[in-house]
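Q: sharing a model that was predicted from the sequence below.
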Amino acid sequence: MREDADRDFNGKIDSRVYFEDAKIVRKEFDNNGDGKIDNKVYFEDGKPLRAESDIAGRSTADQWKPDRWEYYENDKVIRMGTDLDGDGRVDRWERDDRFFKEEMTTSLGDPLMTSEEEARKKEEAAK
């Protein structure tokens with residue numbers, strides 16, 4: 001089942017929501033008004049799981065070519081990857097270090113260091 005919407009009231013569909021078993025499984029958006037989907041958000045159990053975006057506008061009606069991927073946990077983006085050269089693979093990853101420090105632990109139970117803490121520790125070790 002699908003629900004279409006015209007969010008900006010210009011007479012063109014710019015949002016689609018897909019359902020399975022009465023649950024949202026995917027939302028698609030045309031955020032720039034060019035008539036093509038440029039953002040998809042995938043859901044699991046009613047919560048966002050990941051989002052894909054076509055920032056460069058490389059997708060066609062027949063082929064989806066995302067160049068940004070966002071991954072969610074507890075309704076928050078925890079990491080994001082961007083394809084800078086259009087080859088379909090992530091070239092740069094970014095993450096929310098606060099999430100990783102608070103939520104992730106090593107097998108010994110010690111918190112993982114943020115990238116800033118790692119850099120500071122390497123600087124101190126080099127002195």
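A: That came through, no problem. Numbering: from 1, shown residues only.
Q: make sure Glu123 is indeed in a helix.
A: Yes. The assignment for Glu123 by DSSP: H, G, I helix; E, B strand; the rest coil puts it in a helix.
Q: next, count neighbours for it.
A: 9 (other C-beta atoms under 10 Å). (Glycine included, C-beta is placed from N, CA and C.)
Q: over to Ser53?
A: With other C-beta under 10 Å as criterion, Ser53 counts 20.
Q: before we move on, what about Glu70?
A: Neighbours of Glu70 using other C-beta under 10 Å come to 19.
Q: so which helix or strand takes in it?
A: strand 68-73 (DSSP states H and E).
Q: sheet partners, orientation included, of the next helix or strand after that strand?
A: Using DSSP H and E, the helix or strand that follows strand 68-73 in sequence is strand 76-82. Applying DSSP bridges to the sheet, strand 76-82 is found paired with strand 68-73 (antiparallel), strand 92-95 (antiparallel).
Q: am I right that Glu3 is in a strand?
A: Yes. Applying three-state DSSP, one finds Glu3 inside a strand.
Q: tell me what the closest residue to it other than its chain neighbours is bridged to.
A: Excluding the flanking residues, the one nearest Glu3 by C-beta to C-beta, 6 or more residues apart in numbering is Val17, at 4.5 Å. Beta-bridge pairing for Val17 (DSSP bridges): Glu3, Lys27.
Q: including distance to Asp62 and mean pLDDT, could the strands paired with strand 76-82 go into TSV?
A: As requested, these are exported to TSV (distance: least, C-beta to C-beta, whole Å; pLDDT from 0 to 100):
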stretch	distance to Asp62	mean pLDDT
strand 68-73	20	94
strand 92-95	28	90
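Q: for the residue nearest the centre of the chain, give its distance to Glu52.
A: Centroid-nearest residue in the chain: Glu70, 1.6 Å away (criterion: C-alpha atoms, centre = their mean). Separation of Glu70 from Glu52 (C-beta to C-beta, to the nearest Å): 8 Å.
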